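J.: Following is a predicted model, sequence given first.
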Amino acid sequence: MDPLDAVALARIQFGLNIAFHILFPTITIALAWILVYFRVRYARTGDGGWLATYRLWTKVFALSFAMGVVSGIVMAFQFGANWPGYMNKVGNIAGPLLAYEILTAFFLEATFLGVMLYGMNRVPGWMHLGATVLVAIGTTISAFWILALNSWMQTPLGHVVADGQIVAGDWWQVIFNPSFPYRLVHMMLASGLTASFLVAGLSAWRLLQSAEDVAAEKTLRTGVGIAALLVPLQILIGDLHGLNTLEHQPAKIAAIEAIWKTEKAVPLVLLAIPNDEKRSNDFALEIPKGASLILKHDPDAELQGIDAFAPDTPPVAPVFFAFRVMVGTGLLMLLLSWTGVWTLRRGARPPRWLLWAFAGFTFSGWVATLAGWLVTEIGRQPWLVTGVLRTQDAAGATSEAALGASLTGYVITYGLMLGAYTVVLTHLAGQGSAPPEPNPAGAAAGAAAGAAV
C-alpha cells in the first residue's frame, strides 16, 4: 500500500475524535451562561419553577461536560501515538497553551462544578450562584486557550526557529495571531446558537408531550430569543472572518468559492459540482461578479484561484460543500428563530407545527459547527501549521492495520456513546422540570442571593 494511506487513516481517525469531542464543548460553553441566567432568575424571584429548570439543565450540562472530558483525553493520546512530529516540531508553543487551558480553565470548572451540582442546600445562595458564574467563566477561558492554539496553527505569528524547533519569540503575537479574534467570537456565537437551539428543541419536545408545562414554555422562549439575537451577529462576524481569511489564507477562500483560475469579476458559485480533474465546476449556478463584490467590495476585482497556490492546495469539493452546509443551516436557523419570536409574541401559546420545527432543529447547531470545522481544517491542507509544518511530516509510523482496527473501534464506541447521549437528553426533556417541593430555607437563600445580584 502507498505510505500516504497511513497518513490518510491517521487523519480520518483524528478527525473523527475531534469531531466527536467538539460536539460537547460547543454546548457547554454557552449553556453554562444560560444556567447563570436561570440561577439568577430563581435568586431574584424565589420561583420554584426557575429552580427546577436550573436543576434540569444542570444535568444536561454535567452530562455534556463529562462527555467532553472523556473524548478530550483520547485526543491527547493521539498526539503522541499518531502525530509525534507535531509535538516534536511545535510542542514548545502547543504545550504551554494546552497547559494554560488546564491550569486556568479546567481546574476552575472542575472545582466549582461540584459546588454547582451538589452545593445548593449546603452553601449560601450567593456562594452557589457564584460557583455557577465561575463555571461559566471557566468554559469561556477554556475556549480562549484552545482557539488561541488552533488559530495560531491557521495563521502562525510570533514564533522563531531555534535548533530546528519552533519556539515563541513573542507570546502576545502567538496568542493574538491575525485570525484569533475573529475565530474566538465566531466560535462563541456558534456555541450560543448550539445551546439555544438545544434548549428550544428539547423544550419543544417536552411541550409536544405536555402542552401545559409552563417551565418548558419559558425555556422555549429563552432559547428562541437567544437564537434570534445571535444569528444576525453570527452572519456579521462570519463575513468579517471571511475577509480576514482572504487576507491570510487566500487558498482556503479559493477552495470555499471553487475559484479555479485567478481572474477578475469572479462569479459567486451558489451550487456546483467541483471537478478536480477538469479544474472547473460542473452544473454551476452562479451570480455574475458576486464573489468579487462580496470579498473585495468591487464587482470587477481580481481574486486568486487554486492555480495561484499549486501544488500546496486544499481539496476543493469537501471545503466547498461543507461551507454551503454551514451557511444553509445558519439561514434556516435565522428563519426559524425569527418565525418563532414573531409567533410567540405577546405571550401566544406555541402552535404544534412550531414545536415540531424546533424539535427537529434541536441539534442543528452541531450540523453547522461540524461543517464549519471541516471548512477550517480541510481548507488548511496540506499544512498542519500553515507554512511551518506539513500534515504528512507530522505523522507517526503506526501501521495501516493498527490504524484501521482502532478507527473501527472508535466508530463503534462513539456511535454507541452518541446514541446513549441523545436518548438520555430526550428522556430528561420528556420528564420535564416539575417544580420541587416547597423549601423555605432554600427560598430564603435564593432571595438573599438575589439581593446581591
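T.: The structure has been received and is ready for your questions.
J.: Check what pLDDT residue 449 gets.
T.: Residue 449 carries a pLDDT score of 44 in this model.
J.: Sorry, slip of the keys, the one I care about is residue 208.
T.: 88.
J.: Equivalent analysis for residue 382, please.
T.: 90.
J.: next one: the one 3 residues further on
T.: Predicted confidence (pLDDT) at residue 385: the value is 89.
J.: Tell me who's in contact with the nearest residue to it once chain neighbours are set aside.
T.: Distances taken as C-beta to C-beta, 6 or more residues apart in numbering put residue 153 closest to residue 385, at 4.8 Å, once the chain neighbours are dropped. For every residue, glycine as well, the C-beta is placed using N, CA and C. Going by C-beta atoms under 8 Å, 6 or more residues apart in numbering, residue 153 touches 380, 384, 385, 386.
J.: Narrow these to those in strands?
T.: 384, 385 (DSSP state E).
J.: which residue packs closest to residue 195, ignoring adjacent ones?
T.: Looking at residue 195 with C-beta to C-beta, 6+ apart, the closest residue is residue 30, at 3.8 Å.
J.: same deal with residue 39?
T.: That would be residue 132: by C-beta to C-beta, 6+ apart, it lies 4.9 Å from residue 39.
J.: So among the contacts of residue 153, which ones count as buried?
T.: 380, 384, 385, 386 (16 or more other C-beta atoms under 10 Å).
J.: list the contacts for the second one?
T.: Each residue near residue 384 by C-beta under 8 Å, 6+ apart is listed here: 83, 86, 153, 390, 391, 393, 394.
J.: and the fourth one, backbone torsions?
T.: By that I understand residue 390. phi -80, psi 150 (degrees, to the nearest 10).
J.: what does the first one give?
T.: Comment: the main-chain dihedrals of residue 83 come out as phi -130, psi 60, following degrees, to the nearest 10.
J.: how many other residues sit next to it?
T.: As a burial measure, residue 83 scores 21 neighbours (other C-beta atoms under 10 Å).
J.: Alpha carbons of stretch 403-413, in PDB - could you do that?
T.: Output of stretch 403-413 as PDB, limited to C-alpha atoms (Å, rounded to 0.1, in the frame of the first residue of the first chain):
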ATOM      1  CA  LEU A 403      -4.900   2.500  12.400                       C
ATOM      2  CA  GLY A 404      -7.800   0.700  10.600                       C
ATOM      3  CA  ALA A 405      -8.600  -1.500  13.600                       C
ATOM      4  CA  SER A 406      -8.500   1.400  16.100                       C
ATOM      5  CA  LEU A 407     -10.600   3.500  13.800                       C
ATOM      6  CA  THR A 408     -13.200   0.800  13.600                       C
ATOM      7  CA  GLY A 409     -13.300   0.700  17.400                       C
ATOM      8  CA  TYR A 410     -13.600   4.400  17.600                       C
ATOM      9  CA  VAL A 411     -16.600   4.500  15.200                       C
ATOM     10  CA  ILE A 412     -18.400   1.800  17.100                       C
ATOM     11  CA  THR A 413     -17.700   3.300  20.500                       C
END
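J.: got the buried residues for the helix or strand where residue 128 lies?
T.: Per DSSP states H and E: residue 128 is located in helix 125-154. Buried residues in helix 125-154, defined by neighbour count with 16+ other C-beta under 10 Å: 125-126, 128-154.
J.: just stretch 100-120 next, same as before
T.: So stretch 100-120, judged by 16+ other C-beta under 10 Å, has buried residues 100, 101, 105, 106, 108, 109, 112, 113, 115, 116, 117, 120.
J.: from these, which is closest to residue 295?
T.: Residue 295 lies nearest to residue 101 out of the buried residues of stretch 100-120, by C-beta to C-beta, at 33.4 Å.
J.: Pull up the gap between the nearest residue to that closest one once chain neighbours are set aside and residue 311, please.
T.: Sequence neighbours aside, residue 145 is the residue nearest to residue 101 in space, at 3.7 Å (criterion: C-beta to C-beta, 6+ apart). Separation of residue 145 from residue 311 (C-beta to C-beta, to the nearest Å): 34 Å.
J.: Equivalent analysis for residue 285, please.
T.: 29 Å.
J.: Specify which residue of these two has the higher count of neighbours.
T.: Using other C-beta under 10 Å, the more surrounded residue of residue 285 and residue 311 is residue 285, with 11 against 5.
J.: Let's see the helix or strand harbouring the more buried one as PDB, backbone CA atoms only.
T.: Using DSSP H and E, residue 285 sits in strand 280-287. Listed in PDB are the C-alpha atoms of strand 280-287, where the atom choice follows Å, rounded to 0.1, in the frame of the first residue of the first chain:
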ATOM      1  CA  SER A 280     -13.700  23.600 -13.300                       C
ATOM      2  CA  ASN A 281     -17.300  23.400 -11.800                       C
ATOM      3  CA  ASP A 282     -19.900  21.200 -13.400                       C
ATOM      4  CA  PHE A 283     -23.600  22.300 -13.300                       C
ATOM      5  CA  ALA A 284     -22.800  25.600 -11.700                       C
ATOM      6  CA  LEU A 285     -25.400  28.000 -10.500                       C
ATOM      7  CA  GLU A 286     -23.700  31.400 -10.400                       C
ATOM      8  CA  ILE A 287     -24.300  35.100  -9.700                       C
END
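J.: got the buried residues for that strand?
T.: 281, 286.
J.: And the contacts of that strand?
T.: Contacts of strand 280-287 (C-beta under 8 Å, 6+ apart): 258, 260, 267, 268, 269, 270, 271, 272, 273, 274, 275.
J.: most neighbours, which of those residues?
T.: That'd be residue 258 among those, by other C-beta under 10 Å, with 24 neighbours.
J.: Output the lowest mean pLDDT helix or strand found in this structure.
T.: helix 440-452 (a mean of 44; mean pLDDT, DSSP states H and E).
J.: Number of residues surrounding residue 42?
T.: 26.
J.: looking at it, it is touching residue 50, isn't it?
T.: Yes. Using C-beta atoms under 8 Å, residue 42 makes contact with residue 50 at a distance of 3.9 Å.
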